[in-house]
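>>> Turn this into a structure:
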Amino acid sequence: MTWTRQLRYVFMAFLLMVRSPMTYHYLSSYHAPTGLHWDKISGKSSSSNPPLSSLQQCQSSDYPNTSYELANATFVMLIRNSDLDGTISSIRALEDRFNSKFGYPYVLLNNEPFTDEFKRRVSVLIRSEVHFGLIPKEHWSQPDWIDEENAAKARKQMVATNVKYGGSVSYRNMCRFNSGFFYRHELLQKYKWYWRVEPNVKFYCDINDDPFRYMEENQKVYGFTITVYEISATIRSLWSTVTDFIENHPEYIAADNAMGFISDNNGKTYNRCHFWSNFEIADMDFWRGEAYTAFFEHLDSKGGFYYERWGDAPVHSIAAALFLRRDQVHFFEEIGYQHDDWGHCPLPDDIWEKGRCSCSQKGSFDYDPSSCKPRWDKFMNSQ
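Predicted structure coming up:
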């Protein structure tokens, strides 16, 4: 074969490759890297380039469910710049198991400005919108009216008795923020539903149905996967503060509520059961409502977030148990989930198989001695 004929074959092969639909799709979907600069709150570019959230916004055709109407919902992550690897791990798992089929947006919040490296490495994982927000200082600091001498004394005592995070002010700031402020952030005002996601969590099963739409269509308000006992030393005066509120505001207590889940004696004492709030899917309008607003302000005025170590998990759980009907709280059996040492794996075989779950059903925390799930089952099966 002469060199001219060889050249002709090469040229023809090149034309076929260029005209191939697959090759065209690859070439047309490629975008060269763009230099961007974001501000602290909105993620807007300080240059003439569009903000990253705009670049990351996808058309519905990017997702399998092209005709599907999304709920007014978002994922919420409260993270630090040092949580980058854990954030990437969680988002990658959530995208693989759920959001690649739907395309819900993300709101990431930090008490310090996110670095450009953090935003770049996280954004490349997400085809839907992603917003990076700075938490206002007044929402993430010990209030001036807290007696620091008493608060420091309490922290020192908790450290002496090995209470987890007992000496941490930043952890208390986080608990107070999650209890009473996250849903007030400007980036969340346009959303009704949220799914809280933590760094370094695992999602074990395909989530084929939309939990947001399930909640909306079935009049649910609060959803969970794991329920546990709170550490007694962190909430010594919490229940007495709650009962004071109940006595002063009986109008907020729902009929057919879940008091029977959190108390074994009709409210005289708290059995310490709470929904583990590192995972929760809920309606932010509930937190924004009159009952919860009054409840949080009452708790906050007592200073227990700093004089003790009240967590957002018991605060959210007690509120959901008292101000909602029991049928408005939902257990997500189908969502296989792991946080730290505890995880939920779907126990019914048909759900486990449908979700192509990678977790061991034998390792599920549901009926561990430290789990409150048996109490929940008993309560929900009672009349």
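>>> ok, now which ones touch the nearest residue to Gln361 once chain neighbours are set aside?
Of all residues not flanking Gln361 in the chain, Cys345 sits nearest, at 5.2 Å (C-beta to C-beta, 6 or more residues apart in numbering). C-beta here means a position set from N, CA and C on the backbone, and glycine is covered the same way. Each residue near Cys345 by C-beta atoms under 8 Å, 6 or more residues apart in numbering is listed here: 204, 336, 352, 357, 359-361, 363-364.
>>> Which pair in those residues has the greatest spatial separation?
The span of these, defined through C-beta to C-beta, is set by Trp352 and Gly363 at 12.2 Å.
>>> Where is pLDDT lowest across the contacts of Cys345?
In terms of pLDDT, Gly363 ranks lowest among the contacts of Cys345, with 94.
>>> With the flanking residues excluded, which residue is spatially nearest to it?
Nearest residue to Gly363, sequence neighbours excluded (C-beta to C-beta, 6+ apart): Cys345, at 6.3 Å.
>>> Tell me how far that neighbour lies from Glu333.
Using C-beta to C-beta, to the nearest Å, we find Cys345 at a distance of 10 Å from Glu333.
>>> residues touching Thr74, list them.
104-107, 188, 191, 193-195.
>>> of those residues, buried ones?
The neighbour-count test (16 or more other C-beta atoms under 10 Å) marks 104-107, 188, 191, 193-195 as buried among these.
>>> In JSON lines: those, plus distance to Trp239.
Below are the buried ones among the contacts of Thr74 laid out as JSON lines (distance: C-beta to C-beta, whole Å):
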{"residue": "Tyr104", "distance to Trp239": "36"}
{"residue": "Pro105", "distance to Trp239": "37"}
{"residue": "Tyr106", "distance to Trp239": "36"}
{"residue": "Val107", "distance to Trp239": "32"}
{"residue": "Leu188", "distance to Trp239": "30"}
{"residue": "Tyr191", "distance to Trp239": "32"}
{"residue": "Trp193", "distance to Trp239": "29"}
{"residue": "Tyr194", "distance to Trp239": "27"}
{"residue": "Trp195", "distance to Trp239": "29"}
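>>> per-domain residue ranges of this protein.
37-135+185-202, 148-180+218-383 (automatic domain parsing).
>>> closest one to Asp210 among these?
The minimum distance between Asp210 and the domains of the chain falls on domain 37-135+185-202, with 6.2 Å, by C-beta to C-beta.
>>> Let me see the mean pLDDT of that closest one.
In this model, domain 37-135+185-202 carries a mean pLDDT of 82.
>>> can you check stretch 276-289 too?
In this model, stretch 276-289 carries a mean pLDDT of 98.
>>> what helices or strands is whichever helix or strand Met215 is part of leaning on?
Assessed by DSSP states H and E, Met215 sits inside helix 211-217. Contact partners of helix 211-217 among helices and strands, from 3 or more C-beta pairs under 8 Å, 6 or more residues apart in numbering; DSSP states H and E: strand 193-196, strand 280-283.
>>> possible to save the ones you listed as TSV with distance to Trp145?
As requested, the helices and strands packed on helix 211-217 are exported to TSV (distance: least, C-beta to C-beta, whole Å):
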stretch	distance to Trp145
strand 193-196	29
strand 280-283	29
